[in-house]
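> Structure for the following, please:
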Amino acid sequence: MFHLILLALTVAAPATAPTSRPIRLADSGKSLYPIVVSAKATDAEQHDAEELAHFLREISGAPFQVKTVAASQAPGAPAILVGRDAAATIVARDELATLGQEGYILRTRGTQLAIVGGRPRGTLYGVYSLLEDYLGCRWFTPDVSRIPKRTTIELPALDRRFVPVLEYRSTDYPNSRDADWAVRNKINGNQTRLDAQRGGKVIYGPFVHTFNSILNPKDHFAAHPEYFSEVNGKRIGGRTQLCLTNPDVQRIAIDKVRQWMRSQPRATIFSVSQNDWHNYCTCKNCQKVIDAEGAPSGLYLRFVNKIADAIKDEFPHNAISTLAYQFTRKPPKITKPRPNVIVRLCDIECCFAHPLTVRADLDPRNAAFAEDLRRWHQISNRLYIWDYVINYAHAIMPFPNLYSLKPNINFFMDNGVKGIYEEADYFTKGGEFAELRTWIIAKTLWDPTYDTDRAIDEFLDGYYGAAAPALRRYIDLLHGKSKMDEVHFRIFDSPASPLFAEDVVQRAEALMTEAEKAVSDDAPLRHRVQVAHLPIQYVEITKLLRKLRDPAARTPTALATTKRLVGEFDAVAKKEGVTRISEGRSYADWLASVKKKLETE
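Presented below is the predicted three-dimensional model:
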């Protein structure tokens with residue numbers, strides 16, 4: 001069913017017949033086509049045209065010029081028409097209305113090429129899709145790209161229409177925030193640095209865990225304990241939630257959300273969501289709602305719905321976002337989210353080494369989450385996912401989830417999900433294969449048919465050069481071990497995982513040594529491979545420190561070996577800019593602890 005839906009979105013019947021002949025944009029290093037934009041073009045459409053000129057020039061050496069015109073170009077003269085006003089004679093307004101904010105059309109007619117999309121980002125995405133899908137451009141990271149060189153640029157006859165399934169595509173690796181990288185790879189999330197020139201982004205007001213921002217117990221608990229959770233018959237002011245049946249709390253929350261919206265006019269999504277711990281209110285009135293709904297989520301959803309109803313007239317284009325997370329993950333029996341409510345369902349309890357749709361006997365937790373997702377889909381108008389793609393206790397450690405990303409994203413879309421946030425190690429550089437995982441995520445969120453092996457291979461080749469074959473075998477080794485031995489991997493697992501058996505670590509180390517040797521004469525590539533080496537070195541250091549707890553194993557040779565490995569690890573980590581070893585621990589603190597354990601008594 002999913003792939004049929006996607007096909008309907010991406011390939012539409014031609015509204016007008018395209019030319020039957022290819023068109024040649026450049027020949028022998030000379031430009032044959034001007035790039036035309038309307039005088040009424042948006043900032044983003046003007047930027048689109050300039051980006052297209054830049055990359056066509058970089059590919060061919062030809063000086064493509066951007067021409068601004070007062071009206072749409074009449075059919076006939078060769079031209080690349082960028083934006084809806086410039087291409088009005090080729091793409092009609094009623095077609096544009098079907099593209100939303102981000103869909104695009106690439107269409108040739110005679111000797112003209114139209115690149116047109118919805119506003120604000122569709123034309124941008126059309127330009128980059130043309131460069132990527134038809135001319136082979138790749139933007140692997142903010143500082144590593146692959147732009148093919150050819151003196152002649154020729155395109156086939158085109159009539160391509162694409163509308164993305166997801167309205168929100170986000171991750172938060174540090175390397176994903178760069179504005180140019182994000183727009184070229186079609187990430188539009190809140191954490192990016194996208195500006196109006198690059199089509200902007202989906203902006204949240206408060207992002208998550210906002211109850212304390214609505215009513216902080218430090219300021220209000222002493223005078224109004226009834227505003228906060230009653231747990232085991234007692235109102236609590238520390239690590240508390242809100243009492244959601246209290247009418248004053250409801251009134252204060254509505255006023256607070258109105259203030260947020262009035263003060264942040266560019267934001268369109270505002271989070272009203274539980275604090276990041278348990279302790280939901282079980283007072284008599286709250287418990288009565290929970291019992292009727294069969295889950296605390298019903299209590300929370302009723303509260304959020306009232307806020308959504310209160311703000312919808314003043315802010316018809318804004319949405320309230322709330323969580324289905326931990327104690328609110330299970331859907332309610334009665335209440336449904338309002339049309340302007342986004343439910344963000346979180347899979348924090350799951351195994352990420354295996355897809356969520358893995359057989360239930362292999363992973364009951366994944367099966368339980370999958371069932372919750374299906375049930376939320378049945379009642380939700382706008383369902384988002386908060387997914388997890390690294391280990392939060394050991395962010396540098398290997399996390400064998402590369403082959404779960406696409407099946408999970410496909411499963412989400414099959415169940416009506418409209419936005420996905422892939423939470424990563426936002427807190428530091430140097431995360432395990434951060435750049436590769438960002439690449440796979442970006443490719444798959446935009447086009448869920450994108451093949452993972454293709455994504456891995458093209459990235460390894462483009463980013464690691466001659467080290468790619470050894471790194472590919474390293475990835476296959478760890479993922480193969482997880483699959484073959486059915487090793488689960490969750491976001492707080494330790495280096496003691498059976499994934500890191502001694503023979504696996506030894507083989508992984510050998511492959512990393514081979515990879516480094518392959519690029520030993522190229523300093524930038526060597527550093528990238530050394531960063532990729534850090535995860536298995538982290539496991540080795542942890543294992544060696546564990547062995548050194550035994551006085552009999554604490555020999556001078558063992559200490560010297562461990563100190564050498566720690567020194568190598570530290571030199572690369574500092575050069576890369578690693579600042580944290582986990583979400584809750586700084587790199588400096590971890591390193592000091594390691595060095596202390598290596599002190600001789």
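> wait, isn't residue 166 in contact with residue 413?
Yes: in this structure, residue 166 is within contact of residue 413 by Cβ atoms under 8 Å, at 7.2 Å. All C-beta spots, glycine's among them, are computed from the backbone N, C-alpha and C.
> Residue 439 touches residue 140, doesn't it?
Yes: between residue 439 and residue 140 there is a contact under Cβ under 8 Å: 6.2 Å.
> if I look at the two, which residues touch both of them?
In terms of Cβ atoms under 8 Å, 6 or more residues apart in numbering, residue 439 and residue 140 are both contacted by the residues residue 459.
> Can you give me the separation between the residue nearest to the spatial centre of the chain and residue 409?
For the chain, the residue nearest the mean C-alpha position is residue 171 (2.5 Å; Cα atoms, centre = their mean). As judged by Cβ to Cβ, to the nearest Å, residue 171 and residue 409 stand 12 Å apart.
> try residue 192
For residue 192, the distance to residue 409 (Cβ to Cβ) stands at 19 Å.
> which SS state does residue 169 fall under?
Three-state call for residue 169 (DSSP: H, G, I helix; E, B strand; the rest coil): strand.
> what's the burial count for it?
When neighbours are defined as other Cβ atoms under 10 Å, residue 169 has 25 of them.
> How about residue 190?
Other residues close to residue 190 by other Cβ under 10 Å number 17.
> In contact with it, which residues?
Shown in contact with residue 190 (Cβ under 8 Å, 6+ apart): 170, 201-204, 207.
> Looking at those, which two lie furthest apart in space?
201 and 207 (12.8 Å; Cβ to Cβ).
> So the two - more neighbours on which side?
Of the pair residue 201 and residue 207, residue 201 is the one with more neighbours under other Cβ under 10 Å, namely 24 against 16.
> Check whether the more buried one really touches residue 194, as I assumed.
Yes: with contacts counted by Cβ under 8 Å, residue 201 reaches residue 194, the gap being 4.1 Å.
> shared neighbours of the two, which are they?
Contact criterion Cβ under 8 Å, 6+ apart; residues shared by residue 201 and residue 194: 182, 188.
> so where is the stretch 1-150 of the chain shaky, pLDDT-wise?
Scanning the stretch 1-150 of the chain with the threshold set as pLDDT under 70 gives 1-20, 71-75.
> which element follows the biggest helix by length in the chain toward the C-terminus?
Criterion DSSP state H: the longest helix present in the chain is helix 523-547. The first helix or strand that comes after helix 523-547 along the chain, using DSSP states H and E, is helix 556-576.
> Against which helices or strands is the following helix or strand past that next one packed?
As assigned by DSSP H and E, the chain's next helix or strand after helix 556-576 is strand 580-582. Counting contacts by 3 or more Cβ pairs under 8 Å, 6 or more residues apart in numbering; DSSP states H and E, strand 580-582 packs against helix 587-597.
> just the CA coordinates of the helix it packs on, formatted as PDB?
The C-alpha coordinates for helix 587-597 follow below in PDB (Å, rounded to 0.1, in the frame of the first residue of the first chain):
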ATOM      1  CA  TYR A 587      34.300  14.400  27.800                       C
ATOM      2  CA  ALA A 588      36.700  16.100  30.200                       C
ATOM      3  CA  ASP A 589      35.100  14.400  33.200                       C
ATOM      4  CA  TRP A 590      35.200  11.000  31.500                       C
ATOM      5  CA  LEU A 591      38.800  11.400  30.500                       C
ATOM      6  CA  ALA A 592      39.900  12.500  34.000                       C
ATOM      7  CA  SER A 593      38.100   9.400  35.400                       C
ATOM      8  CA  VAL A 594      39.900   7.100  33.000                       C
ATOM      9  CA  LYS A 595      43.300   8.600  33.800                       C
ATOM     10  CA  LYS A 596      42.600   8.300  37.500                       C
ATOM     11  CA  LYS A 597      41.900   4.600  37.100                       C
END
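> Next, the angle from that helix to helix 523-547.
With axes from the mean of the first three to the mean of the last three Cα atoms, to 10 degrees applied, the angle from helix 587-597 to helix 523-547 works out at 50 degrees.
> How far does helix 587-597 sit from its chain's centre?
Put simply, helix 587-597 sits 31 Å off its chain's centre (Cα atoms, centre = their mean, to the nearest Å).
> for that helix, what is the average pLDDT?
For helix 587-597, mean pLDDT rounds to 97.
> picking up where we left off before, distance of the residue nearest to the centre of the chain relative to residue 405?
Here residue 171 is placed at a distance of 10 Å from residue 405 (Cβ to Cβ).
> So for the two, which residues contact both of them?
Common neighbours of residue 171 and residue 405, counting by Cβ under 8 Å, 6+ apart, are 389, 441.
> Am I right that residue 418 falls within a strand?
Yes: secondary structure of residue 418 (three-state DSSP): part of a strand.
> Show the contacting residues for it.
165-168, 382-384.
> how about a cut-off of 7 Å?
166-168, 382-384 (Cβ atoms under 7 Å, 6 or more residues apart in numbering).
> For these, pick the one with the most neighbours.
That'd be residue 384 among those, by other Cβ under 10 Å, with 26 neighbours.
> So what are the sheet partners of the helix or strand where it lies and their directions?
Assigned by DSSP H and E, residue 384 belongs to strand 382-388. Sheet pairing for strand 382-388, assigned by DSSP bridges, gives strand 341-346 (parallel), strand 417-423 (parallel).
> Next secondary structure after that strand?
Note on strand 382-388: by DSSP H and E, the next helix or strand toward the C-terminus is helix 402-414.
> Can I get that following helix in PDB, CA atoms only?
The C-alpha trace of helix 402-414 is given here as PDB (Å, rounded to 0.1, in the frame of the first residue of the first chain):
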ATOM      1  CA  LEU A 402      21.800   1.700   9.900                       C
ATOM      2  CA  TYR A 403      19.500  -1.000   8.500                       C
ATOM      3  CA  SER A 404      16.700  -0.200  10.900                       C
ATOM      4  CA  LEU A 405      16.400   3.400   9.800                       C
ATOM      5  CA  LYS A 406      14.600   2.900   6.400                       C
ATOM      6  CA  PRO A 407      12.200   0.100   7.600                       C
ATOM      7  CA  ASN A 408      11.200   2.200  10.500                       C
ATOM      8  CA  ILE A 409      10.700   5.400   8.500                       C
ATOM      9  CA  ASN A 410       8.700   3.400   6.000                       C
ATOM     10  CA  PHE A 411       6.600   1.900   8.800                       C
ATOM     11  CA  PHE A 412       6.000   5.300  10.200                       C
ATOM     12  CA  MET A 413       4.800   6.700   6.900                       C
ATOM     13  CA  ASP A 414       2.600   3.600   6.300                       C
END
